[in-house]
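Student: this one's sequence-less:
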């Protein structure tokens, strides 16, 4: 059995933990999939590169509102894919080769599962290898959830792991799920030419995590572009590849060339057999970690989507990687992970950015707050954009004046929410943020400034 000082499972944010500071150790890196993890290969980066492409195409289609005549001649899906994945696949290969060329790192490519305390069995193309280590980092990520009526049908379906690599754009795409993954991918394929039908069991899109006002505004816009079926679930999948029929619980039968399942993701703890190592999980299968990212087993850390520590976002996992790296190297003065303010974004059309509590959260927690709003069409740059639906919304504590939540819908939303996120993190009041720094005129950031000023007016 090969023994190492440190073994890392996963090559997403887990791989980012190991740098030259670990050169004095014998390190193993274990991965079944390509280097870079979900983010590089099937998640954040390719989906955003495709979303930007879709935004460009939409801008051309909508150019007449700026008195520009620019008919969209073509969106070449094969060339788009070549540009996106040609770059990302090469990066994954280079990343793996860089690790293999490092004298103090051993790469194991294959399916891994725990067989005991800090012991792995790795099944590779050439056979099986047993690996042990003094310390482990488990960063094995997750995979898409597929409901049984679809998974057991024997018919083909796509998930976020596969759909972006389809060789052509389907004519009729049925999307099951109404969260951010569904929203972003539906945006891409709608713009590329697919007819979109979304099946969602709740009453709105993005209802789980977004502020109710943002969720409703996004749903109202989506309704003008897609066929939305709310309050419904899939009970069956029939037909043949390329000619599918999606059966809903009310008996509705939806024709589709392709079915995209985007109802959530689950941790890979079961395939890793973490129970064999004594690693404790919660009732949903996520590894339990403390604020230092330690698991229930001494010498074993975990981070990313496989853990119960914080939202499953890449920027969260990257910060966790920094914390774990420090704690592995400096156990005598450990760092702790904080999730006090975690911003997030949805790169759909329109774009969404958020940080802090939603208004429904504030009501449930019985917070005493005021709401400030500013529409894009009420600032000069919003006029330039000809935007009539975007807005910024802030929730401000009535007693302290601190910002409790921030929500932006519209162009550049993921960027516009960042100053509000910084203010929440550093405890800067709405008054000090609005009145202290100068805000560029006529930049789009004026929607943030004016939403803050609206909240101040309501505070009196």
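Tutor: Sure, I can see it. Computed from a predicted structure; not experimentally measured.

Student: domain parsing for this protein?
Tutor: As assigned by automatic domain parsing, the chain contains the domains 2-143+266-329, 148-263, 350-459.

Student: could you say what helices and strands the longest helix along the chain packs with?
Tutor: When the chain is parsed with DSSP state H, its longest helix is helix 77-100. The helices and strands touching helix 77-100, judged by 3 or more C-beta pairs under 8 Å, 6 or more residues apart in numbering; DSSP states H and E, are helix 37-42, helix 44-61, strand 105-109. Every residue, glycine included, has its C-beta placed from N, CA and C.

Student: contact partners of that helix?
Tutor: 11, 15, 29, 34-36, 40-41, 45-46, 49-50, 53, 105, 107, 109, 164-165, 167-169, 192 (C-beta atoms under 8 Å, 6 or more residues apart in numbering).

Student: now the domains of the chain in CSV, with mean neighbour count, mean pLDDT and distance to residue 336?
Tutor: Output for the domains of the chain, formatted as CSV (neighbours: other C-beta atoms under 10 Å; pLDDT from 0 to 100; distance: least, C-beta to C-beta, whole Å):
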stretch, mean neighbour count, mean pLDDT, distance to residue 336
domain 2-143+266-329, 18, 97, 4
domain 148-263, 19, 98, 25
domain 350-459, 19, 98, 15
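
Student: make a markdown table from those domains and add distance to residue 340 to it.
Tutor: Listed next are the domains of the chain as a markdown table, based on distance: least, C-beta to C-beta, whole Å:
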| stretch | distance to residue 340 |
| --- | --- |
| domain 2-143+266-329 | 10 |
| domain 148-263 | 17 |
| domain 350-459 | 7 |
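
Student: show me the helices in the stretch 301-450 of the chain, by range?
Tutor: Using DSSP state H, counting those that start in this stretch, the helices of the stretch 301-450 of the chain run over 314-329, 359-364, 380-385, 413-416, 418-426, 430-435, 446-459.

Student: then the stretch 101-250 of the chain?
Tutor: Under the criterion DSSP H, counting those that start in this stretch, helices of the stretch 101-250 of the chain are mapped to 148-151, 180-192, 212-223.

Student: and the ones you listed as a markdown table, adding distance to residue 117?
Tutor: Shown next, in a markdown table, are the helices of the stretch 101-250 of the chain (distance: least, C-beta to C-beta, whole Å):
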| stretch | distance to residue 117 |
| --- | --- |
| helix 148-151 | 33 |
| helix 180-192 | 36 |
| helix 212-223 | 45 |
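
Student: for these, which one sits closest to residue 388?
Tutor: helix 212-223 (10.7 Å; C-beta to C-beta).

Student: quick one: list the elements packing against that closest one.
Tutor: Partner elements for helix 212-223 (3+ C-beta pairs under 8 Å, 6+ apart): helix 180-192, strand 352-356, helix 359-364, strand 391-397, strand 403-409.

Student: and the end-to-end length of stretch 265-272?
Tutor: Using C-alpha to C-alpha, to the nearest Å, the end-to-end distance of stretch 265-272 comes out at 16 Å.

Student: do the same with stretch 58-68
Tutor: End-to-end distance (C-alpha to C-alpha), stretch 58-68: 13 Å.

Student: and stretch 195-213, by the same measure?
Tutor: End-to-end for stretch 195-213, by C-alpha to C-alpha: 26 Å.

Student: also stretch 144-158?
Tutor: Across stretch 144-158, first to last residue, C-alpha to C-alpha, it's 10 Å.

Student: also stretch 369-380?
Tutor: Its first and final residues considered, stretch 369-380 spans 28 Å by C-alpha to C-alpha.

Student: how far does it sit from its chain's centre?
Tutor: The chain centroid and the centroid of stretch 369-380 are separated by 27 Å under C-alpha atoms, centre = their mean, to the nearest Å.

Student: again with stretch 301-311
Tutor: Worked out by C-alpha atoms, centre = their mean, stretch 301-311 lies 14 Å from the chain centre.

Student: same thing with stretch 258-275?
Tutor: Centroid separation for stretch 258-275 versus its chain: 15 Å, with C-alpha atoms, centre = their mean.

Student: how long is it from one end to the other?
Tutor: Stretch 258-275: ends 37 Å apart by C-alpha to C-alpha.

Student: one more: stretch 35-53?
Tutor: 25 Å.

Student: from here on, call the first residue 21.
Tutor: Happy to do that; since the first residue is 21 now, the last one works out to stretch 55-73.

Student: neighbouring contacts of that stretch?
Tutor: Contacting residues not belonging to stretch 55-73 are listed as 30-35, 53-54, 95, 100, 103-105, 108-109, 111-113, 115-116, 119, 161-162, 180-182, 184, 201, 204-205, 207-208, 211, 325, 334, 367-368 [C-beta under 8 Å, 6+ apart].

Student: so where do the strands sit in the stretch 221-370 of the chain?
Tutor: For the stretch 221-370 of the chain, the strands defined by DSSP state E, counting those that start in this stretch occupy 247-250, 254-260, 263-268, 273-276, 278-281, 285-287, 320-322, 364-366.

Student: list the contacts of the spatially most central residue of the chain.
Tutor: Residue closest to the mean C-alpha point of the chain, counted by C-alpha atoms, centre = their mean, is residue 333 at 5.1 Å. Neighbouring residues of residue 333 by C-beta under 8 Å, 6+ apart: 362, 364.

Student: how far away from the center of its chain is stretch 358-372?
Tutor: Its chain's C-alpha centre and that of stretch 358-372 lie 9 Å apart, by C-alpha atoms, centre = their mean.

Student: quick check: buried residues in that stretch?
Tutor: By 16 or more other C-beta atoms under 10 Å, the buried positions in stretch 358-372 come out as 361, 362, 363, 364, 365, 366, 367, 368, 369, 370, 371, 372.

Student: mind checking the end-to-end distance for it?
Tutor: Termini of stretch 358-372 sit 23 Å apart (C-alpha to C-alpha).

Student: stretch 240-247 now?
Tutor: Counting by C-alpha to C-alpha, the terminal residues of stretch 240-247 are separated by 12 Å.

Student: same question, stretch 410-422
Tutor: OK, stretch 410-422 end separation, C-alpha to C-alpha: 24 Å.

Student: returning to that earlier point: of the helices and strands packed on helix 232-243, which is nearest residue 218?
Tutor: Taking the helices and strands packed on helix 232-243 one by one with C-beta to C-beta, helix 200-212 is closest: 6.3 Å.

Student: and for the closest one, what's in contact with it?
Tutor: Contacts of helix 200-212 (C-beta under 8 Å, 6+ apart): 67, 70-71, 73-74, 77-78, 95, 97, 100, 180, 183-184, 189-190, 193, 195-196, 216, 218, 220, 225-226, 229, 238, 242, 245-246, 280, 282, 366-369.
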